[in-house]
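> coordinates only, sequence not included:
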């Protein structure tokens with residue numbers, strides 16, 4: 001009887017220990033150090049016009065690669081009469097078909113924005129029914145085999161979105177949504193994604209965010225000098241909801257270049273085509289009073305650069321959709337963008353220096369912004385795309401220990417062995433890891449555990 005009881009509780013403890021070990025060792029969906037995924041945020045917003053008609057399937061087809069993660073964004077509530085003017089009264093719900101039609105095991109980063117243009121209403125406008133709708137959507141995606149990185153109310157420490165600089169309300173919202181999601185959608189990782197600012201906190205812009213509550217103002221004054229969300233204040237910790245509610249950390253990181261001399265009275269921002277400053281990416285990671293990478297490392301969380309890009313400036317605009325004058329190309333698009341990825345995404349020295357970075361997110365848009373028309377895309381120009389993939393393949397085959405993990409074809413849709421370590425168009429001799437080639441190890445571990453437990457149960461039953 002004692003042995004039977006011991007066996008029963010040993011089995012429970014054994015499973016608990018295995019679960020804790022894997023959770024503590026790697027976060028949800030996290031790959032081992034040195035294995036990098038590259039996500040793609042395609043411009044699928046067809047309501048903005050015929051140009052905005054890309055898709056994951058089109059990207060896979062034209063690049064000859066099976067990209068492992070795609071990115072999209074929607075509002076909460078998904079349809080609003082008071083939200084961002086671009087999407088007023090337009091249902092922004094993302095259709096999971098954009099993933100399933102690739103017939104791969106690709107995952108999704110889903111940005112969810114509590115967009116309400118009324119200052120101070122971003123969180124208050126979200127109802128329990130809105131949260132329920134989101135959780136049902138995510139559960140349905142999981143049921144179709146799609147894993148989701150939920151990037152909720154990103155850049156919350158900035159002052160340019162309606163949900164910004166409201167840490168107390170943000171954390172309450174985050175925890176409520178996280179608990180609701182985890183109750184019904186097991187294959188969702190929560191991505192807490194502040195904006196990098198190593199110099200200190202961003203200021204408050206009450207015209208956009210509303211005046212922060214008294215509790216938030218107190219939380220924002222981290223150095224207790226009477227000035228809330230000022231340069232000497234911590235730009236991250238007031239917004240952190242707690243380790244148990246966060247799976248990944250994300251951020252946005254772009255090279256924009258210098259400010260122009262003809263900045264239209266201050267309204268035109270950037271717009272000069274120059275090579276990225278050497279070491280710019282590294283500077284954003286680990287310098288200043290509040291080094292971002294150190295903060296992430298101390299949390300023990302994996303990091304995704306959820307938005308990562310480098311624009312080519314094409315035209316100055318008048319703000320009304322009229323492209324006034326072309327902008328000098330400078331050293332050219334390939335040179336500019338290649339200099340950017342060679343100091344980050346395709347730089348094995350940097351990737352080994354910052355092992356918590358497990359994902360980069362390509363921002364595949366061309367857009368008018370701050371009186372310039374900007375091309376952020378890496379995968380719509382053959383010259384740029386070929387250069388990027390060539391450099392990634394070179395890193396892969398360099399012996400550096402860095403590998404890029406691609407998606408695999410779903411077994412139901414392909415006769416290929418999903419444990420294959422090659423992908424279309426990989427360079428000769430390059431070994432490219434797929435998620436499926438990693439998951440079979442997990443399945444083997446599970447089989448061994450099940451076998452051991454079966455023996456223990458049999459022994460207990462014989463007593």
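Cool, the structure landed. Given the structure is predicted, the values throughout are model-derived calculations rather than measurements.
> Residue 38 and residue 345 touch, don't they?
Yes: in this structure residue 38 lies within contact range of residue 345 using Cβ atoms under 8 Å: 6.9 Å. In short, each C-beta sits where N, CA and C put it, glycine included.
> Now the residue nearest the centre of the chain: which helix or strand?
Taking Cα atoms, centre = their mean, the centroid of the chain lies closest to residue 306, which sits 2.9 Å from it. Assigned by DSSP states H and E, residue 306 belongs to strand 303-309.
> which stretches of the stretch 351-463 of the chain form strands?
Taking DSSP state E, counting those that start in this stretch, the strands of the stretch 351-463 of the chain run over residues 357-364, 366-369, 372-375, 403-404.
> What pairs with the first one, parallel or antiparallel?
Think strand 357-364. strand 35-42 (parallel), strand 303-309 (parallel) (DSSP bridges).
> which residues are contacting that strand?
With Cβ atoms under 8 Å, 6 or more residues apart in numbering as the test, strand 357-364 has contacts from 30-31, 35-43, 54, 59, 69, 71, 109, 254, 302-309, 344-345, 351, 376-380.
> Weed out the non-buried ones from these.
Using 16 or more other Cβ atoms under 10 Å as the burial test, the contacts of strand 357-364 include 30-31, 35-43, 54, 59, 69, 71, 109, 254, 302-309, 344-345, 351, 376-380 as buried.
> Please name the nearest non-neighbouring residue to residue 346.
In this structure, residue 346 finds its nearest non-sequential neighbour in residue 391, 4.3 Å apart by Cβ to Cβ, 6 or more residues apart in numbering.
> Enumerate every residue touching the nearest residue to residue 359 once chain neighbours are set aside.
Closest residue in space to residue 359, ignoring its immediate chain neighbours: residue 304 at 3.7 Å, by Cβ to Cβ, 6+ apart. Taking Cβ under 8 Å, 6+ apart, we find residue 304 in contact with 39, 109, 149, 191, 248-251, 357-361.
> And those residues, which is closest to residue 125?
Ranked by distance to residue 125 (Cβ to Cβ), those are led by residue 191 at 22.2 Å.
> Could you count how many residues lie near the closest one?
Using other Cβ atoms under 10 Å, the number of residues around residue 191 comes to 26.
> same check, this time on residue 83
Neighbours of residue 83 (other Cβ under 10 Å): 25.
> got the buried residues for stretch 308-321?
308, 309, 310, 311, 312, 313, 314, 315, 316, 317.
> can you list these in CSV and add pLDDT and distance to residue 372?
Converted to CSV, the buried residues of stretch 308-321 look like this (pLDDT from 0 to 100; distance: Cβ to Cβ, whole Å):
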residue, pLDDT, distance to residue 372
308, 98, 19
309, 97, 14
310, 97, 14
311, 97, 8
312, 97, 10
313, 96, 5
314, 95, 8
315, 92, 7
316, 90, 6
317, 86, 6
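> wait, which of those is closest to residue 119?
Distances from residue 119 to the buried residues of stretch 308-321, taken by Cβ to Cβ, are shortest for residue 317, at 27.2 Å.
> Spit out the contact partners of the closest one.
323, 324, 368, 371, 372, 373.
> how does it look with 6 Å?
Taking Cβ atoms under 6 Å, 6 or more residues apart in numbering as the criterion, residue 317 is in contact with 323, 368, 371, 373.
> same question, residue 28
189, 247.
> burial measure for residue 337, as a count.
26.
> Please read the previous query as pertaining to residue 25.
Neighbours of residue 25 (other Cβ under 10 Å): 9.
> What of residue 325?
9.
> now the helix or strand hosting it, how far from the centre of its chain.
Using DSSP H and E, residue 325 sits in strand 323-326. From the chain centre to the centre of strand 323-326 is a distance of 33 Å (Cα atoms, centre = their mean, to the nearest Å).
> what about residue 365, distance to residue 214?
Counting by Cβ to Cβ, to the nearest Å, the separation of residue 365 from residue 214 is 39 Å.
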